[in-house]
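1. what would the 3D arrangement of this be:
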Amino acid sequence: MKKSDQTVVNTHEAKTNLSRLLEKVSKGKEVVIASAGRPIARLVPFKKPSPREPGLAKGTLPEAFFEPLPPDELKAWES
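-> Just a heads-up that it's a prediction; the model follows:
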């Protein structure tokens, strides 16, 4: 991101001008919020995540996976 696409504001200015800053962000700009000159947060445009596709971790489970746990192992999970 180019420096011109970034605005740095202090926390007071961010609280006072949140609507204006969000409008900048919606137009692709980045806003950095600083406290005492130290960056603490960054507002960036929201990107809708791409849809998840089932089957990414394809495989099979062995039949033993569906069997009950042995009593001693079950007890360890319950405590």
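
2. hang on, Pro68 in a helix?
-> No - assessed with DSSP: H, G, I helix; E, B strand; the rest coil, Pro68 is coil; it does not lie in a helix.

3. what helix or strand is the spatially closest residue to it that is not a sequence neighbour on?
-> Leaving aside its sequence neighbours, Pro68 sits nearest to Leu74 (CB to CB, 6 or more residues apart in numbering; 7.5 Å). Where C-beta positions appear, they are placed from N, C-alpha and C, glycine not excepted. Assigned by DSSP states H and E, Leu74 belongs to helix 71-78.

4. ditto for Val31
-> Assigned by DSSP H and E, Val31 belongs to strand 30-35.

5. what number of residues lie near the residue nearest to Pro68?
-> When neighbours are counted by other CB atoms under 10 Å, Leu74 registers 10.

6. try Val32
-> So Val32, with other CB under 10 Å, has 15 neighbours.

7. same deal with Ala34?
-> By other CB under 10 Å, 15 other residues sit near Ala34.
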